[in-house]
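[1] got a predicted structure here, sequence first:
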Amino acid sequence: MSKKGVIATLAGLGAMAGGFFYGQERLYRAVLKPNPTKEDGYRQKSGDVIPSMHYVREHPKKQDLYLNAVDGLKLHAVFLPVDDDKQHTYVIAIHGHNDNYERMGIYAKKYYESGYPVLMPDLRGHGRSEGDYVGYGYDDRLDILEWIYYLIRMDAEAKIILHGISMGASTVMLVTGETLPDNVKAAIEDSGYSTLTKEFDAVYRRTGNGVIPSKTATQAVRQVILNKAGYDIRDVDCVAAVARSKTPTLFLHGEADITVPVSMCRELYEAASCPKKMKIFLNAGHVDAVGLEPELYWGTVDRFLSEFL
């Protein structure tokens with residue numbers, strides 16, 4: 001090859017590498033980089049969401065807690081204690097993608113006013129927890145295990161309820177797929193995805209321009225996450241997790257959910273080997289049921305918990 005040909009080849013390879021790097025950076029920002037939702041971005045039809053965010057933010061007994069994850073990241077959570085020394089049942093309330101602990105205020109307020117102390121972690125990369133990528137439940141499952149043992153160290157008699165929404169719901173299911181202490185009594189997943197591969201595919205089919213086949217787009221995302229975060233989206237498999245689970249689990253979903261199709265909830269419920277219940281809210285979109293039908297929502301939760309606490 002001539003010198004001119006070598007230069008042209010190197011230039012072409014440089015352009016391809018630059019394009020690949022630019023494409024990876026764009027995908028990283030789109031799918032992995034946490035992008036906190038502003039308060040006014042929450043839909044008002046979700047009911048008491050914004051006032052409840054202020055409730056936990058300004059709560060006079062609010063405590064900021066910290067621990068180190070297994071990979072050294074500093075993780076943050078907010079804890080609302082109760083005065084009853086005989087109350088040993090705790091709720092760990094787990095937020096979704098691009099949120100923080102405050103988003104769980106609507107759930108924390110209900111539990112707290114019912115007498116339960118509530119722990120609200122900031123998932124890694126969110127709120128005041130360290131991390132520069134979204135875990136989609138994979139690394140987060142280990143972080144929640146650390147918070148479970150934090151509560152047990154604080155109270156050896158602790159009975160723990162896990163309640164998560166959206167990505168937090170999938171985190172809950174992935175946690176139940178692990179070997180858990182007997183202290184974990186029940187899990188509630190609201191609008192969680194079945195597998196991350198299927199969720200990315202569903203989102204792309206709904207929002208993509210269709211120029212790139214969905215499988216190709218999902219594979220590109222998989223590669224970026226492998227390169228940038230070190231985990232494989234194929235391992236974010238809640239179907240496999242609930243099939244291993246022994247934790248009683250309540251599956252909640254909105255029939256009108258276009259973010260996480262309701263078919264995923266039915267798939268999860270069928271796969272679950274643990275004691276289980278399912279409730280589909282006919283008119284609810286993604287994580288909307290608690291605001292649209294609060295009496296039905298909390299009645300369903302209360303009846304479920306009464307069986308296992």
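    Sure thing, it's come through.

[2] and the helices in the protein?
    For the chain, helices defined by DSSP state H occupy the ranges 3-27, 49-57, 105-113, 138-154, 167-176, 196-207, 214-229, 238-244, 262-271, 289-292, 294-308.

[3] ends of stretch 49-64, what's the gap?
    21 Å (CA to CA, to the nearest Å).

[4] and if you look at stretch 182-196?
    From its first residue to its last, stretch 182-196 covers 28 Å (CA to CA).

[5] any idea how far it is from the chain center?
    Relative to the centre of its chain, stretch 182-196 is centred 10 Å away, using CA atoms, centre = their mean, to the nearest Å.

[6] list the buried residues of that stretch.
    For stretch 182-196, burial by neighbour count (16 or more other CB atoms under 10 Å) applies to 183-196. C-beta coordinates here come from the backbone N, C-alpha and C atoms, glycine included.

[7] tell me the one of those residues nearest Val31?
    Using CB to CB, Leu196 is the member of those that lies nearest Val31, at 10.1 Å.

[8] local confidence estimate at the closest one?
    pLDDT recorded at Leu196 is 96.

[9] surely it touches Asp232?
    No: using CB atoms under 8 Å, Leu196 makes no contact with Asp232, being 9.3 Å away.

[10] Gly131 touches Asp140, doesn't it?
    No: using CB under 8 Å, Gly131 is not in contact with Asp140, being 9.6 Å away.

[11] residues that sit against both of the two, list them.
    The contact sets of Gly131 and Asp140 overlap at Arg124 (CB atoms under 8 Å, 6 or more residues apart in numbering).

[12] so the two - more neighbours on which side?
    Asp140 (30 against 21; other CB atoms under 10 Å).

[13] pretty sure Val239 is touching Thr195, no?
    Yes: with contact defined as CB under 8 Å, Val239 counts as touching Thr195 (6.1 Å).

[14] which of the helices of the chain is buried the deepest?
    Sort the helices of the chain by mean neighbour count, taking mean count of other CB atoms under 10 Å, and helix 167-176 sits at the top with a mean of 29.

[15] give me the contacts around that one.
    93-97, 104, 123, 134-138, 140-141, 144-145, 148, 162-164, 184, 187-193, 196, 236, 238, 241-242, 244-247, 249, 268, 274.

[16] for that helix, give the mean pLDDT please.
    The pLDDT scores in helix 167-176 average 98.

[17] can you pull the alpha-carbon coordinates of that helix into PDB?
    Extracted as PDB, the C-alpha positions of helix 167-176 are listed here (Å, rounded to 0.1, in the frame of the first residue of the first chain):
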ATOM      1  CA  MET A 167     -36.900   0.400  38.200                       C
ATOM      2  CA  GLY A 168     -37.200   0.200  42.000                       C
ATOM      3  CA  ALA A 169     -39.800  -2.500  41.600                       C
ATOM      4  CA  SER A 170     -37.400  -4.500  39.400                       C
ATOM      5  CA  THR A 171     -34.700  -3.900  41.900                       C
ATOM      6  CA  VAL A 172     -37.000  -5.400  44.600                       C
ATOM      7  CA  MET A 173     -37.600  -8.500  42.400                       C
ATOM      8  CA  LEU A 174     -33.900  -9.000  41.800                       C
ATOM      9  CA  VAL A 175     -33.300  -8.700  45.500                       C
ATOM     10  CA  THR A 176     -35.800 -11.500  46.200                       C
END
